[in-house]
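Chemist: Next come a sequence and a model predicted from it.
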Amino acid sequence: MAAGVTRVASHSSFWWGAATAAYQIEGAADEDGRGPSIWDTFCAEPGRVTDGSSGAVACDSYHRWPEDLDLLADLGANAYRFSLAWPRVQPRGQGPVNQAGIGYYDRLLDGLLERGIAPVPTLFHWDLPQALQDAGGWMARETAERFAEYASVVAEALGDRVAAWGTLNEPFVHMALGYAFGTHAPGETLLLDAFAAGHHQLLAHGLATQALRAGPGDAPVMLVNNLTPVRAASTSATDTAAARAYDAFHNRMFLDSVLRGAYPDELGAAVAGAGAVVRDGDLSVIGQPLDLLGVNYYNPTQVKAPGPGSPLPFELVPIEGPAQTGFGWPVVPDGLTELLVGLRDTYGAGLPPIVVTENGCSYPDELSPDGTVDDSDRIAFLDAHIGAVGEARAAGVDVRGYLVWSLLDNFEWAEGYTQRFGLTYVDFSTGRRTPKASYGWLRDRIARGW
Ligand code: FCB
């Protein structure tokens, strides 16, 4: 680890930076032996992605990474969260490491350390090797074992230079959108039966944690969850029960299991219907101590009781009132303080230090003829949310980092290139990067520190 790089963000050295994910920025889908992932398959199916696009080229960060690392360095970032593409490292999801693929991450890590930036890789940000999907994907228990082997491979190759490991990105979102509702790859519509895909991801997290700890280096291990404060649409008993059920699926399934070694009772029917999915001993593997909790926050969720005959125990209701991002997501900075303080109050001493691993917003940003991008909405969003983190810290919550989603405009999954989340504008026909006004604002904000 190079001098000047902070391995574990501490109170005196807060991690400021940005986050990205492999499929959303790398491109180079067929290069250096990368195998196909479920997102390559999904994007090729008509109607799956709004603009019919894919991540085949994306931001071309596979070739332009030195420029991207320079953008981080000029921002004053001291941490970068990115993800490793499993199908680059093991093209079929198992077997020997693809040296050309891991070589990319090897250079990326060295490039970060040369610039004094802590590397924070996530092992899985939704791009499962297609060969593993053909064997059942996350509905198959064996995928958790393959993931542990993959974790050993990357720990061996990269563990000496990593500042913190993220195991999975947002297992709830991958379970819900990928397996319950089918709007993300792999496009399954299993509703509550998708529980198995969540459980196997959590088991994979636990097994991978053991594998990472057995490897070189002593980087802390983190699970990255998408968390949302849940609000009942009314004070009625039925709406309140629906809100509790939604909270159980979205938040507590991925928190109680990891921090308390148990699933919340409110999962009820989903767990019962899953038969032999949860085996003896699984929850102790899942619930082993965690070093850091990654929190991705975008907005709260409002819930009401479902209509008669609904297969789900809740129904989502739009939040009216606050301003909305380009995605239509309500802008509620207080929700972040509420979430962080709530985590501390609920889990107490069982809660590890927190890193806000994603927070940000999409707007229809335009490159003006004078070459600037005026994204004042994003500046207001970031200012308010960083303020919300400050409130939580002032209330005694141990928050050790804030990473903006995202460094670059990129491939936003089922929305293709229609949602720009970047601090940096990307012209997708040329790959040209232009820092937006928010980039300059954040640089000044980082320089001021807390
Ligand atoms: C999160 C994902 C990330 C990005 C943002 C907008 O749920 O982790 O890849 O798509 O949303």
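Modeler: On my side now, so go ahead. Numbers count the residues shown, from 1 in each chain.
Chemist: For this structure, what lies in contact range of the ligand?
Modeler: Contact residues (CB under 6 Å from any ligand atom) of the chain with the ligand: 21, 24, 169-170, 173, 226, 296, 358, 405, 412-413, 421. (Glycine included, C-beta is placed from N, CA and C.)
Chemist: out of those, which one sits closest to L382?
Modeler: W405 (10.6 Å; CB to CB).
Chemist: residue contacts, L71?
Modeler: 407-408, 424, 433, 435, 439 (CB atoms under 8 Å, 6 or more residues apart in numbering).
Chemist: most neighbours, which of the residues you listed?
Modeler: L407 (31 neighbours; other CB atoms under 10 Å).
Chemist: Look up how far T301 lies from the closest residue to that one other than its chain neighbours.
Modeler: Distances taken as CB to CB, 6 or more residues apart in numbering place A18 nearest to L407, at 3.9 Å, with adjacent residues excluded. Shown here: A18 relative to T301, a distance of 25 Å by CB to CB, to the nearest Å.
Chemist: end to end, how far does stretch 418-434 reach?
Modeler: 17 Å (CA to CA, to the nearest Å).
Chemist: Next: stretch 406-420.
Modeler: 9 Å.
Chemist: Report the distance from that stretch to the chain centre.
Modeler: Distance of stretch 406-420 from its chain centroid, counting by CA atoms, centre = their mean, to the nearest Å, is 14 Å.
Chemist: In it, which residues are buried?
Modeler: By 16 or more other CB atoms under 10 Å, the buried positions in stretch 406-420 come out as 406-414, 416-417, 419-420.
Chemist: Can you name the two of those that sit furthest apart?
Modeler: L407 and A414 (20.9 Å).
Chemist: what residue ranges in this structure score low on pLDDT?
Modeler: 1-12 (pLDDT under 70).
Chemist: Now the residue nearest the centre of it: closest residue in space, sequence neighbours ignored.
Modeler: The residue lying closest to the centre of the chain (CA atoms, centre = their mean) is N169, at 3.7 Å. Using CB to CB, 6+ apart and skipping the chain neighbours, the partner closest in space to N169 is H125 (4.2 Å).
Chemist: residues touching the one you found, list them.
Modeler: Each residue near H125 by CB under 8 Å, 6+ apart is listed here: 21-24, 83, 169.
Chemist: what's the spacing between it and N296?
Modeler: In terms of CB to CB, H125 sits 11 Å off from N296.
Chemist: overlap in contacts of these two?
Modeler: What both H125 and N296 touch, as defined by CB under 8 Å, 6+ apart, is the set N169.
Chemist: what packs against the helix or strand that contains T167?
Modeler: For T167, the enclosing helix or strand under DSSP states H and E is strand 165-169. With contacts taken as 3 or more CB pairs under 8 Å, 6 or more residues apart in numbering; DSSP states H and E, strand 165-169 sits against strand 79-83, strand 118-124, helix 195-214, strand 221-226.
Chemist: What pairs with the first one, parallel or antiparallel?
Modeler: Sheet neighbours of strand 79-83, with direction, are listed as strand 15-19 (parallel), strand 118-124 (parallel) (DSSP bridges).
Chemist: Show me which residues of the following helix or strand past the first one are buried.
Modeler: What that stands for is strand 15-19. Using DSSP H and E, the helix or strand that follows strand 15-19 towards the C-terminus is helix 22-25. The neighbour-count check on helix 22-25 (16+ other CB under 10 Å) flags 22-25 as buried.
Chemist: Correct me if wrong: the residue nearest to L407 contacts R81.
Modeler: Yes - between A18 and R81 there is a contact under CB atoms under 8 Å: 7.4 Å.
Chemist: Find residues that contact each of those two.
Modeler: Shared contacts of A18 and R81, counting by CB under 8 Å, 6+ apart, come down to L403.
Chemist: Compare the two and say which is more crowded by neighbours.
Modeler: R81 (32 against 27).
Chemist: Looks like the more buried one contacts I25 (just checking).
Modeler: No - assessed by CB under 8 Å, R81 is found out of contact with I25, at 12.0 Å.
Chemist: Skip the chain neighbours and tell me the closest residue to D40.
Modeler: A29 (6.0 Å).
Chemist: and if you look at A163?
Modeler: Per CB to CB, 6+ apart, closest to A163 is A118, 3.5 Å.
Chemist: What of D334?
Modeler: A388 (6.3 Å).
Chemist: likewise P353?
Modeler: D398 (4.5 Å).
Chemist: Touching, that neighbour and V356? I think so.
Modeler: No - contact criterion CB under 8 Å: D398 and V356 do not qualify, at 12.0 Å.
Chemist: about what we covered before: the contacts of L71 in strands, which ones?
Modeler: Counting by DSSP state E, these place 424, 433, 435 in strands.
Chemist: Please look at the last one and L423 and confirm they touch.
Modeler: Yes - applying CB under 8 Å as the test, P435 and L423 come out as touching, 6.8 Å apart.
Chemist: tell me the contacts of V97?
Modeler: Per CB under 8 Å, 6+ apart, neighbours of V97: 89-90, 153, 157.
Chemist: tell me which of those is nearest to the ligand?
Modeler: Nearest to the ligand among the contacts of V97, counting by CB to the nearest ligand atom, is V89 at 19.0 Å.
Chemist: Phi first, then psi, for that closest one.
Modeler: Backbone geometry at V89, expressed as degrees, to the nearest 10, gives phi -80, psi -50.
Chemist: my read is R400 is in a helix, agree?
Modeler: No - R400 is assigned strand when assessed by DSSP: H, G, I helix; E, B strand; the rest coil, not a helix.
Chemist: how deep is it tucked in, by neighbour count?
Modeler: R400, neighbours per other CB under 10 Å, totals 21.
Chemist: OK, contacts around R34?
Modeler: 28, 85, 87-88, 91, 98, 101.
Chemist: Show me which of these is closest to P352.
Modeler: A85 (26.9 Å).
Chemist: What's the local residue count around that closest one?
Modeler: With other CB under 10 Å as criterion, A85 counts 27.
Chemist: Spatially nearest residue to it, not counting backbone neighbours?
Modeler: Nearest non-adjacent residue to A85 (CB to CB, 6+ apart): A22, at 3.9 Å.
Chemist: for the one you found, what are its contacts?
Modeler: Contacts of A22 (CB under 8 Å, 6+ apart): 82-85, 88, 125, 127.
Chemist: Please report the distance of it from the ligand.
Modeler: Distance of A22 to the ligand, computed by CB to the nearest ligand atom, to the nearest Å: 10 Å.
Chemist: how far out from the middle of the chain is stretch 73-93?
Modeler: For stretch 73-93, the distance to the chain centre is 12 Å (CA atoms, centre = their mean).
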